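>>> sequence first, predicted model second:
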Amino acid sequence: MHPTDDDATPGDPSDPSPHAANLRARQALRFTLGTVVAAVALWLVVSSAGGLGDAFDALRRTNAVWLLPAIGLEAVSYVLSAARLRALAGPEAGLSMGEATELSLVVHGLGLLTPASPAEGIAFEYRSLSRRGLTRRRIALTIGFEQWFTTRVFYLIHALNLLVIVTTRDFPTDTKWPLLAAALILGLLVTTAFAAGRPQVAQRIAVVVGSLRFWRPRPSRDDRRASGALLHADAMAVVGPPRRRARIAMTSAAAVLADAACFWMLLFAVGIHDGFELALLSVGAAAVASSIPLLPGGLGAVEAAVPALLAWYGAPVAAALSATLLYRAIGTFLPAAAGAVSIPALRIRERHVRPGAVRPPED
């Protein structure tokens, strides 16, 4: 049985239950507190840049020639994310490339600015895929592997970039710690990649997890092993053979690099001419800052962290702040606006999708 339009899913703002009302109240409080903190953080960084006057002057001096390729690269990153979603959801979802791009804008664009980010975006994605006839397990695996590839590729790229930065530039802290962190991340990525491909690992995890369920009758050890083997088989059916997994990973990597290239173009636009590795490091710092609790989309934290990092490497604070603000406009608010516009269009089209219908894949 699949949820319908009237079924409440986790994080669904239309759920009328008292629990949902309390959850929405907490989300609103979190959003309000986060906005206040963001405003204070933004005021501090604007003050350090010489005030709003200097910041606006830096924005007015922006070379608009670089804005178009920056917007194009950010659009490419969302199209690549959509291609990954479409590959993981499979042909049975019937997602066209345009629909997958719209869904990506809702989840990864608008979803980043919602009060309970990323819960609302994930809930919308769940409902959208459910209306297309996918089973709950297939939806969970699709969303889970989206996060799996996104997170792993993010850490891989930034760990390698950290090694480049440490060996070629000055670094704000003792270099042994970032080197150790990069080596640890790379080691964990290799180890978990090896373990994920082995059904025996899934079976052992299922046995251990099942043994912890003391609040209900536990299945037998053989049943738990069989459950783990079935889950692993379903997961491998979603990601496909090694060659297909490599393509999905490369698509995810290209999306990360396209986003960093967008910021690199914006650095050129404000007159900061530096290497791509610094733009990539800044985007990584922005991603970490955007995950801070209370702050919707990391507002304020990103605007404080990225200019501070660029200033360490010699960039004028006002120019660094203007590049960050442009990046937020193009990489955060523009996709969020496009995601908001995409929601009604997606819902209209989903009403006409026959669950289980398979569309021919696009080239």
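Structure's in. What do you need?

>>> now do the SS call for the residue nearest the centre of the chain.
Centroid-nearest residue in the chain, with Cα atoms, centre = their mean: residue 108, separated by 5.7 Å. Following DSSP: H, G, I helix; E, B strand; the rest coil, we place residue 108 in the helix state.

>>> residue 82 is in contact with that one, correct?
No - taking Cβ atoms under 8 Å as the definition, residue 108 is not a contact partner of residue 82, at 9.5 Å. Glycine gets a C-beta too; all of them are placed from N, C-alpha and C.

>>> ok, the residue of the chain most remote from its centre to residue 210 distance?
For the chain, the largest distance from the centre (Cα atoms, centre = their mean) belongs to residue 220, which lies 38.0 Å off. Between residue 220 and residue 210 the distance is 9 Å, computed by Cβ to Cβ, to the nearest Å.

>>> ditto for residue 297
Counting by Cβ to Cβ - residue 297 and residue 210 are separated by 38 Å.

>>> kindly list the longest helix within this protein.
With secondary structure taken from DSSP state H, the chain has its longest helix at helix 136-168.

>>> and that helix, how far from the chain's centre?
9 Å (Cα atoms, centre = their mean, to the nearest Å).

>>> quick check: buried residues in it?
Within helix 136-168, the residues scored as buried using 16 or more other Cβ atoms under 10 Å are 138-139, 141-143, 145-146, 148-150, 152-159, 161-162, 165-166.

>>> which other helices and strands does it contact?
For helix 136-168, the elements it packs on are helix 67-89, helix 119-131, helix 176-196, helix 221-239, helix 242-269, helix 276-290, judged by 3 or more Cβ pairs under 8 Å, 6 or more residues apart in numbering; DSSP states H and E.

>>> for residue 322, grab the count of nearby residues.
Using other Cβ atoms under 10 Å, residue 322 has 27 neighbouring residues.

>>> which helix or strand lies directly C-terminal to the helix or strand harbouring it?
Applying DSSP states H and E as the criterion places residue 322 in helix 317-328. The C-terminal neighbour of helix 317-328 among helices and strands, as given by DSSP H and E, is helix 334-350.

>>> and that next one, what does it pack against?
By 3+ Cβ pairs under 8 Å, 6+ apart, helix 334-350 packs against helix 67-89, helix 97-104, helix 119-131.

>>> please say which of residue 297 and residue 210 ends up with more neighbours.
residue 297 (21 against 17).

>>> list the residues that contact the more buried one.
112, 113, 117, 290, 332 (Cβ atoms under 8 Å, 6 or more residues apart in numbering).

>>> which pair in the residues you listed spans the largest distance?
Greatest spatial distance in the contacts of residue 297: 117 and 332, 11.3 Å, computed using Cβ to Cβ.

>>> what about residue 309, neighbour count?
Neighbourhood size, residue 309 [other Cβ under 10 Å]: 20.

>>> need the three-state assignment for it.
The three-state label given to residue 309 by three-state DSSP is helix.

>>> how about residue 170: what's its closest non-neighbour residue?
Closest residue to residue 170 apart from its sequence neighbours, by Cβ to Cβ, 6 or more residues apart in numbering: residue 313 at 7.8 Å.

>>> got the contact list for that neighbour?
Residues counted as contacts of residue 313 (Cβ under 8 Å, 6+ apart) are 169, 170, 274, 278.

>>> doesn't residue 235 make contact with residue 142?
No - taking Cβ under 8 Å as the definition, residue 142 is not a contact partner of residue 235, at 10.4 Å.

>>> that older thread, distance from the chain centre to the helix holding residue 322, please.
21 Å.

>>> what is the mean pLDDT for it?
In this model, helix 317-328 carries a mean pLDDT of 91.

>>> tilt between the longest helix of the chain and helix 119-131?
Per axes from the mean of the first three to the mean of the last three Cα atoms, to 10 degrees, the angle that helix 136-168 makes with helix 119-131 is 140 degrees.
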